[in-house]
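> predicted model and sequence follow; I will ask about them next.
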Amino acid sequence: MFKRPRGTRDFLPDEMEKRRYVEGVIRRVFEGYGYQEVQTPTFEHLELITTKSGEEIKEHLYHFKDKGGRDLALRPELTAPAMRLYISEYQQKPKPRKIFYIGNCFRYERPQSGRYREFWQAGLELIGSSYPEADAEVIAVAVDVLEALGLKDYSLHVGHIGVLRRILDEAGVGEEDQNRVMGAIDKGEGEALEHLLDTLGLGARERELMAGLLEMEGERDTIEKARELLEGREGPLRELDSLEEVVEKLGSFGVTDYVIDLGMARGLDYYTGTVFEIYAPKLGAEKQICGGGAYSLVEVLGGKKAPTCGFAFGFDRLILALEMDKFKFNEVKKDRYLVVSTTEGLLDEAIRISRSLRERRKIPCQIDPMRRRLGKALSYADAEGFSHVVILGEEEYKKGKIIIKELETGRQSLMDIREVEGFES
Ligand code: AMP
């Protein structure tokens, strides 16, 4: 017996139905805002991934040399591939460029509930605008997806990476060290952060400001409180102003339920401004179902600098969150017909009728290629969740009729073959 590789999953039809449903809702909402779908390869040049995320990422990658000696990696996320695609296909085209993707990603991580080695992301990027309405729209799309899905228990946290960075700027901390600080904050490594700030020689006042901001989380007046804390600090205050503008525009997009979270850092180095995360608290440790923000990556990958804002949903976690919310995926039971002939002589007729039902009546319909007798065919249809069985019996057939049995009620009716086939209209 072969086993699946660790951290991967098989999806059976019931699960696939849920996944396709959620995917459909996501596509509809994304397209409603004018985002267009793209698909990129499952593997990329290793360098694309390390240029974006640093050499350390290799530890978490599936990477390999192909037979031509090229270093390749299975994609661990879709932003870098999307930016590569933008640079090669769209850089000269009018802005904004609005693209979205749904695809599988691979990370060599310790599997646990909500954390897999193969998982799916559904995300988008709005490239070209640094105005607050662009950031606000991106957040609104994510919220709209959750509303359209009917997820009840989630919380949106909005922050701004620039506020912490400007404090560090003013304290003379260079970009690379800033990235390390942000990394420690993102991972919630309190002690490491303290140690780092010690070695960077941050003054008492700056440390106080940092500590104060990291704890600032609350309603919209949090911005006001932060203003008081940061009095006289021009750089960080300007960033707070831009956060406020985004929050204002969020209101116009109809998003009013959020937590202002000034301690949010998001791990990766290229975030520049607005950042946001969405949590589904019921998921416990792996509760982050969506993460994103404004970033500047195009130029890092060799393109012309272009402001970008985007996010990625952890698709699998979205499904888990809906399940935890007792979401009913299959409320509408779809019709599925099984056509059964009671004699072999009528088999060809059964095939013909099932074709007509599919093509003329648009009803999902199949024959039984196991040639079961009627009794067995009925129990099979019941067990497999068919809605109807079409029975071709010799007597009825001679009169141009067939029997249609509705499995849920057991009701049987005789119908004219011409009518079943849609010839009557
Ligand atoms: P990231 O690219 O790390 O910001 O991840 C974006 C989203 O993908 C996260 O919010 C998670 O919901 C999801 N995600 C990240 N890693 C995994 C994983 N190993 N398994 C399942 N979902 C993941």
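Good, I have the coordinates.

> only C-alpha atoms from now on, for both contacts and neighbour counts.
OK.

> which parts of the protein sit against the ligand?
77, 107, 114-117, 119, 121, 288-291, 312-314, 317 (C-alpha under 6 Å from any ligand atom).

> where are the low-confidence patches of the stretch 251-400 of the chain?
331-332 (pLDDT under 70).

> can you rerun that using 80?
For the stretch 251-400 of the chain, the stretches with pLDDT under 80 are 267-269, 330-333.

> where along it do the helices fall?
315-324, 347-359, 374-383, 394-398 (DSSP state H, counting those that start in this stretch).

> domains in this structure, by residue range?
13-329, 334-422 (automatic domain parsing).

> okay if I get those as JSON lines plus distance to residue 1 and mean neighbour count?
Below are the domains of the chain laid out as JSON lines (distance: least, C-alpha to C-alpha, whole Å; neighbours: other C-alpha atoms under 10 Å):
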{"stretch": "domain 13-329", "distance to residue 1": "21", "mean neighbour count": "18"}
{"stretch": "domain 334-422", "distance to residue 1": "26", "mean neighbour count": "17"}
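
> follow-up on the earlier one: out of the residues of the chain next to the ligand, what pair is the most spread apart?
The span of the residues of the chain next to the ligand, defined through C-alpha to C-alpha, is set by 117 and 291 at 18.3 Å.

> you'd agree residue 119 is in a helix?
No. Per DSSP: H, G, I helix; E, B strand; the rest coil, residue 119 lies outside any helix segment and is strand.

> bridged to it, which residues?
In this entry, residue 119 is beta-bridged to residue 105, by DSSP bridges.

> nearest residue to residue 185 other than its sequence neighbours?
residue 265 (6.1 Å; C-alpha to C-alpha, 6 or more residues apart in numbering).

> in the stretch 201-350 of the chain, what residue is nearest the ligand?
Residue nearest to the ligand within the stretch 201-350 of the chain (C-alpha to the nearest ligand atom): residue 314, separated by 3.2 Å.

> my understanding was that that residue contacts residue 287; is that so?
No. The criterion here is C-alpha atoms under 8 Å, and residue 314 misses it with residue 287 at 9.9 Å.

> now residue 239: which helix or strand?
In the assignment (DSSP states H and E), residue 239 maps to helix 234-252.

> ok, and what's touching that helix?
132-133, 135-137, 139-140, 159-160, 162-167, 170, 223, 227, 230-231, 256, 273-274 (C-alpha atoms under 8 Å, 6 or more residues apart in numbering).

> which ones among the residues you listed lie within helices?
132-133, 135-137, 139-140, 162-167, 170, 223, 227 (DSSP state H).

> minimum pLDDT in the residues you listed, which residue is that?
pLDDT is lowest at residue 170 among the ones in helices among the contacts of helix 234-252; the value there is 88.

> what's near enough to touch it?
Residue 170 neighbours (C-alpha under 8 Å, 6+ apart): residue 235.

> and it, how close does it get to residue 185?
19 Å (C-alpha to C-alpha, to the nearest Å).

> before we move on, what about residue 150?
For residue 150, the distance to residue 185 - C-alpha to C-alpha - is 32 Å.

> what's the answer for residue 382, then?
55 Å.

> and for residue 316?
26 Å.

> the residue nearest to residue 185 contacts residue 162, doesn't it?
No. Using C-alpha under 8 Å, residue 265 makes no contact with residue 162, being 9.4 Å away.

> excluding residues flanking it in the chain, which one is nearest residue 341?
That would be residue 392: by C-alpha to C-alpha, 6+ apart, it lies 4.6 Å from residue 341.

> so what's the one you found up against?
339-342, 346, 350, 402-403.

> excluding sequence neighbours, find me the nearest residue to residue 143.
residue 255 (7.6 Å).

> repeat that for residue 227.
Excluding the flanking residues, the one nearest residue 227 by C-alpha to C-alpha, 6+ apart is residue 237, at 6.6 Å.

> residue 374 now?
residue 342 (6.1 Å).

> ok, the closest residue to residue 411 other than its chain neighbours to residue 382 distance?
Nearest residue to residue 411 in three dimensions, chain neighbours excluded: residue 405, at 5.7 Å (C-alpha to C-alpha, 6+ apart). Distance, residue 405 to residue 382, by C-alpha to C-alpha: 11 Å.

> what's the spacing between the nearest residue to residue 373 once chain neighbours are set aside and residue 136?
Using C-alpha to C-alpha, 6+ apart and skipping the chain neighbours, the partner closest in space to residue 373 is residue 342 (6.6 Å). From residue 342 across to residue 136, the span is 63 Å (C-alpha to C-alpha).

> can you read off the pLDDT for residue 424?
For residue 424, the predicted pLDDT is 52.

> show me what contacts the residue in the stretch 101-250 of the chain positioned nearest to the ligand?
Taking C-alpha to the nearest ligand atom, the ligand has its nearest neighbour within the stretch 101-250 of the chain at residue 115, 3.4 Å off. By C-alpha under 8 Å, 6+ apart, the residues touching residue 115 are 7, 109, 286.

> can you pull up the bridge partners for it?
residue 112.

> coming back round to it: got a pLDDT number for the residue nearest to residue 411?
Here, the pLDDT recorded for residue 405 equals 96.

> hang on, it packs against residue 388?
Yes. Applying C-alpha under 8 Å as the test, residue 405 and residue 388 come out as touching, 5.5 Å apart.

> how close does residue 399 get to residue 376?
Residue 399 is 25 Å from residue 376, by C-alpha to C-alpha.

> please apply the same query to residue 265.
61 Å.

> then residue 223?
Residue 223 is 69 Å from residue 376, by C-alpha to C-alpha.

> same question, residue 233
80 Å.

> also residue 39?
45 Å.

> likewise for residue 300?
Taken as C-alpha to C-alpha, the span from residue 300 to residue 376 is 64 Å.

> now residue 418
Applying C-alpha to C-alpha to residue 418 and residue 376 gives a distance of 27 Å.

> returning to what we had before: and the two most separated of the contacts of residue 392?
Top of the distance list for the contacts of residue 392 (C-alpha to C-alpha): 346 and 403, 13.6 Å.
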